[in-house]
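# compute the structure for the input listed below.
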Amino acid sequence: MKKKALGILLSSAMAVTALAGCGAKDADKKGAEVANSGNNATSTTADSNNDDAVAALISSTKDPVNLTLWCSETEAYQKVMAEIVEDFKKQYPDVTFNITIGAESEANCKDDVLSDVEAAADLFVFPDDQLRDLVNAGALQSIEATYTYNPSETNAASTVEAASQDGKLYAYPLTASNGYFLFYNKQYLTEDDVKSWDSLLAAAEKQGKTVGMEVSGAWYLYGFFAGAGLEMKLGDDGKNICNWNSTDGKYTGADVAKAVTEICKNKAMKSCVNEDAQAFALNGEMIADVNGTWATNAFMEAYGDNYAATKLPTFTVNGDQVQMGSFAGYKFLGVNAYSKNPGWAMLLGEFITSEASQTKIAIATGEGPSNIKAAASEEIASAPALAALAAQADYADLQRVGDNYWAPAATLGQTLVEGSYTDVQKLLDDAVAGITQ
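You can find the predicted model right below:
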């Protein structure tokens, strides 16, 4: 997207407030008019335009501003968002705000928004792979008018590109760390131990400890097949393309499936969800776990001075050590196209995703900022979890899958964990049939 004039004249701000209740097409059209009117301003500086836009929004606000924000249900996210919202209120003391923060699983955000867009939150945090469906459903207000800064300039180019569709920015980039890697306890594991699943599990078993990963979770299972060079992606027609049942190539789907089952047979291995892994780590049982930045605080608490993180281990396929792949992605903050207070929703969106706020979120949650300056700060760039994520990035793929992927892949993962199959090829054939239907 070409740089929009950061300043928006008084008339521009008034136009923003007129977006309420518009459908996607009308909202886009009015958003473009707002942006264009800002671009046409030649007699005023950008800074004064910004001031005029905010001043106009304030002066046109007579009633209390009611907004709802949905974000992760985790305690860390809820707490830091509450602090940021209070900072926002202090920034504009002449306006009365009623801002409600709701706990919303990011994984379910799209479905919950689209179940009733008009009743959904004014702003909501969601993962990047949900953008396409939200845009196509007309649920997102395009970000064509800005008040305080241009998010296309302050955030990493990759996050801006992922938050855009057909040349329009549809959400504010928030984080650039939606992936997974390995947390581990240096008291029990060396850097050599954590390089492969073989050495990792051997070390844990020898010490009577465990290692965790949600193998039955479709998001994590992807890492094994992707690492072995097998494909799972979204086609241009919106349907999944998957060859996890491949019978040729260096590694077949059956080779990978058997390798996963062998890992899960080890008595030191626990296939468990995030919350259970954190509990096992806190009670001293689990000394390593495949997880993401959202779990940073729990593992820091559990492992103390021995807290460490690294890229995913290699695993054995047909006698070879194969590096695990992974999904990678971003988190965005979207503004509901049907918000009754779109101007304030957009201004709050800018505030939550600003450099200062992203830094607060990163420190509170362990997630990496998309803001360029925030991500480059020494405090954040030196964090072990983010360093591990950066090391895994060379083996990670942007998450782009259709809805039909999740249930069949999860079923496949659970079956591999249990080893409850007799014909591995039929198991894979059935899974791929479900994924690509």
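
# strands of the stretch 251-400 of the chain, start to end?
For the stretch 251-400 of the chain, strands defined by DSSP state E, counting those that start in this stretch occupy the ranges 269-271, 286-291, 307-310, 314-317, 320-323, 326-328, 331-335, 396-398.

# next, format those strands as a markdown table and append mean neighbour count, distance to Gly227 and mean pLDDT.
From N, CA and C alone the C-beta is placed, and that goes for glycine too. Converted to a markdown table, the strands of the stretch 251-400 of the chain look like this (neighbours: other C-beta atoms under 10 Å; distance: least, C-beta to C-beta, whole Å; pLDDT from 0 to 100):
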| stretch | mean neighbour count | distance to Gly227 | mean pLDDT |
| --- | --- | --- | --- |
| strand 269-271 | 21 | 17 | 98 |
| strand 286-291 | 26 | 13 | 98 |
| strand 307-310 | 21 | 15 | 98 |
| strand 314-317 | 19 | 7 | 98 |
| strand 320-323 | 16 | 5 | 98 |
| strand 326-328 | 23 | 8 | 94 |
| strand 331-335 | 28 | 24 | 98 |
| strand 396-398 | 18 | 10 | 91 |
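
# need these in JSON lines with distance to Leu140, can you?
Shown next, in JSON lines, are these (distance: least, C-beta to C-beta, whole Å):
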{"stretch": "strand 269-271", "distance to Leu140": "35"}
{"stretch": "strand 286-291", "distance to Leu140": "29"}
{"stretch": "strand 307-310", "distance to Leu140": "33"}
{"stretch": "strand 314-317", "distance to Leu140": "39"}
{"stretch": "strand 320-323", "distance to Leu140": "36"}
{"stretch": "strand 326-328", "distance to Leu140": "22"}
{"stretch": "strand 331-335", "distance to Leu140": "5"}
{"stretch": "strand 396-398", "distance to Leu140": "19"}
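
# which of these sits closest to Asp116?
strand 331-335 (15.4 Å; C-beta to C-beta).

# count of residues packed around Ala374?
24 (other C-beta atoms under 10 Å).

# give me the low-pLDDT residue ranges for the protein?
Low-confidence segments of the chain (pLDDT under 70): 1-49.

# and if we set it to 90?
For the chain, residues meeting the criterion pLDDT under 90 lie at 1-52, 107, 144-145, 178, 236-238, 379, 381-382, 390, 398-400, 402-403.

# one step back: the strands of the stretch 251-400 of the chain: which one's closest to Asn50?
Smallest distance to Asn50 across those (C-beta to C-beta): 18.3 Å, for strand 331-335.

# and the closest one, what does it pack onto?
Judged by 3 or more C-beta pairs under 8 Å, 6 or more residues apart in numbering; DSSP states H and E, strand 331-335 is in contact with strand 123-127, strand 172-175, helix 342-352.

# other residues contacting the shortest one?
Strand 172-175 is contacted from outside by 125, 143, 151, 155-156, 159-160, 162-163, 293, 330-335, 349-350, 352-353, 358, 361-362, 367-371, using C-beta atoms under 8 Å, 6 or more residues apart in numbering.

# redo that, cut-off 7 Å
Contact with strand 172-175 is made by 125, 143, 151, 155, 159-160, 163, 330-333, 349-350, 353, 358, 367-370, as judged by C-beta atoms under 7 Å, 6 or more residues apart in numbering.

# quick check: Pro227 vs Ser354, distance?
To be clear, residue 227 is Gly; Pro isn't right here. According to C-beta to C-beta, to the nearest Å, Gly227 stands 37 Å off from Ser354.

# just say which of the helices and strands packed on strand 331-335 is most tucked in.
Stretch with highest mean neighbour count among the helices and strands packed on strand 331-335: strand 172-175 (a mean of 28; mean count of other C-beta atoms under 10 Å).

# and of the strands of the stretch 251-400 of the chain, who's closest to Leu67?
Across the strands of the stretch 251-400 of the chain, closest to Leu67 is strand 331-335 (C-beta to C-beta), at 10.1 Å.

# partners of that closest one in the sheet?
strand 123-127 (antiparallel), strand 172-175 (antiparallel) (DSSP bridges).

# residues touching it, excluding its own?
Strand 331-335 has contacts (C-beta under 7 Å, 6+ apart) with 106, 122-128, 131, 134, 140-141, 163, 171-175, 178, 342, 345-346, 349, 352-353.

# if we use 8 Å, what do you get?
So strand 331-335 is contacted by 106, 122-128, 131, 134, 139-141, 143, 163, 170-175, 178, 342, 345-346, 349, 352-353, 367 (C-beta under 8 Å, 6+ apart).

# now stretch 262-272
With C-beta under 8 Å, 6+ apart, stretch 262-272 has contacts from 197, 201, 204-205, 209-216, 276-277, 280, 286, 315-316, 413, 416-419.

# and with 7 Å instead?
So stretch 262-272 is contacted by 197, 201, 204-205, 209-216, 280, 286, 315, 416-417, 419 (C-beta under 7 Å, 6+ apart).

# ok, of these, which come out buried?
Burial of these was assessed by neighbour count (16 or more other C-beta atoms under 10 Å); the buried members are 197, 201, 204, 209-216, 280, 286, 315, 416-417.

# may I ask which two of the residues you listed are separated the most?
Lys209 and Leu416 (22.8 Å).

# does Thr154 really touch Pro369, like I thought?
No - the criterion here is C-beta atoms under 7 Å, and Thr154 misses it with Pro369 at 10.1 Å.

# which of those two has more residues huddled nearby?
Pro369 (30 against 20).

# nearest residue to the more buried one other than its sequence neighbours?
Gln358 (3.9 Å; C-beta to C-beta, 6 or more residues apart in numbering).

# these two touch, right, the one you found and Ala375?
No - applying C-beta under 7 Å as the test, Gln358 and Ala375 come out as separate, 8.2 Å apart.

# what touches both of these two?
Contacts common to Gln358 and Ala375, judged by C-beta under 7 Å, 6+ apart, are Pro369.

# and stretch 264-280, how far out from the chain middle?
Taking C-alpha atoms, centre = their mean, to the nearest Å, the mean C-alpha location of stretch 264-280 is offset from the chain mean by 23 Å.

# how long is that stretch end to end?
Terminal residues of stretch 264-280 are spaced 17 Å apart (C-alpha to C-alpha, to the nearest Å).
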